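*Asks:* Output the structure for:
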Amino acid sequence: MKKSIIHLFIILSYLSLTGTVHAQSKNNSQDSHTLNTGKKMEDVVYLKNGAIVRGIIIEQVPNKTLEIKSNDNNYFIFNMDEVRKIAKENIVTELSDYKKKGYVVITELGFGFGINTIDTYKGSFKIEGQDPIIGLRVINGYQLNEYFSFGLGAGFEAFLDGDNKGALIPLSIDSRINFIKNKFTPTFNLNVGYAIGVQNSSGLTANPSVGIKLYLTKKIGLLFNLGYKVQQQNIKRPDQYGVEIPRIVNYQFLSMSTGLFF
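*Replies:* Next comes the predicted model:
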């Protein structure tokens, strides 16, 4: 009887020791995996139609269906014959996961509201009515880091100069500053250059603005800007005797633009 109790105690001790060692080994393995990855993971479902859903897989019935909760808290159920691939990937949470340097293309559609005043180097006078300006701009540039990019731009603008329609082809230097490293960041932008007149005279142009940039994917961002635009032109205005005198004028606008960053 005493020998049986001793044998039982030895067996139980061995099993307990073996379980402890196995658990410790498993924990060490998990800790090592966490330290090696350094990032949180998420489920990614690639569909055969090209769509991608990121989130947490809630339920999966082999060879039948799959349910996933997306990162924006929507629930989707797919038949397995719709699924091309299921993967575990790093969660994109920091700007370092987004484009932080290299070649960039910016396309913007802009609209300007006439501020109604034209300043000249010999005084100022007021134009009745607001003359809008509409334009498209494409910028090819380089992003130095998360905060700064610069480039060269070209575009086309159409506007009303009094009762006459006019058009310009602006060529410009563009620089942009991101204030924070994040998926969403406020920006400051400065676009200066020279606009070639198509139906009217050429002149200097400048468009400082503030705005926001929101990354839609790792490489594509949405832009929205609000600023002040000035367009220099040569015109003729009659003096007090009715004699038309050439003047350099600055058409001023409140500018708005939206576009994409690639």
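*Asks:* Tell me how many other residues crowd residue 53.
*Replies:* Neighbourhood size, residue 53 [other CB atoms under 10 Å]: 19. Placement of C-beta: from N, CA and C, glycine included.
*Asks:* from memory it sits against residue 44, does it?
*Replies:* Yes - at 7.4 Å, residue 53 counts as touching residue 44 under the criterion of CB atoms under 8 Å.
*Asks:* Quick check: which ranges of the stretch 151-262 of the chain have low pLDDT?
*Replies:* Residue ranges of the stretch 151-262 of the chain with pLDDT under 70: 160-165, 237, 239-240.
*Asks:* ranges for the strands of it?
*Replies:* 164-178, 184-197, 203-215, 221-238, 244-261 (DSSP state E, counting those that start in this stretch).
*Asks:* Show me what whichever strand or helix holds residue 88 is packed against.
*Replies:* Counting by DSSP states H and E, the element that carries residue 88 is strand 83-90. Strand 83-90 is packed against strand 41-47, with contacts defined by 3 or more CB pairs under 8 Å, 6 or more residues apart in numbering; DSSP states H and E.
*Asks:* quick one: buried residues of the strand it packs on?
*Replies:* 42, 43, 44, 45 (16 or more other CB atoms under 10 Å).
*Asks:* For the nearest residue to the last one once chain neighbours are set aside, give me its contacts.
*Replies:* I take that to be residue 45. Excluding the flanking residues, the one nearest residue 45 by CB to CB, 6 or more residues apart in numbering is residue 53, at 4.6 Å. Counting by CB atoms under 8 Å, 6 or more residues apart in numbering, residue 53 touches 44, 45, 47, 68, 70, 76.
*Asks:* is it possible to export those to CSV including distance to residue 200?
*Replies:* Below are those laid out as CSV (distance: CB to CB, whole Å):
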residue, distance to residue 200
44, 54
45, 56
47, 53
68, 58
70, 52
76, 55
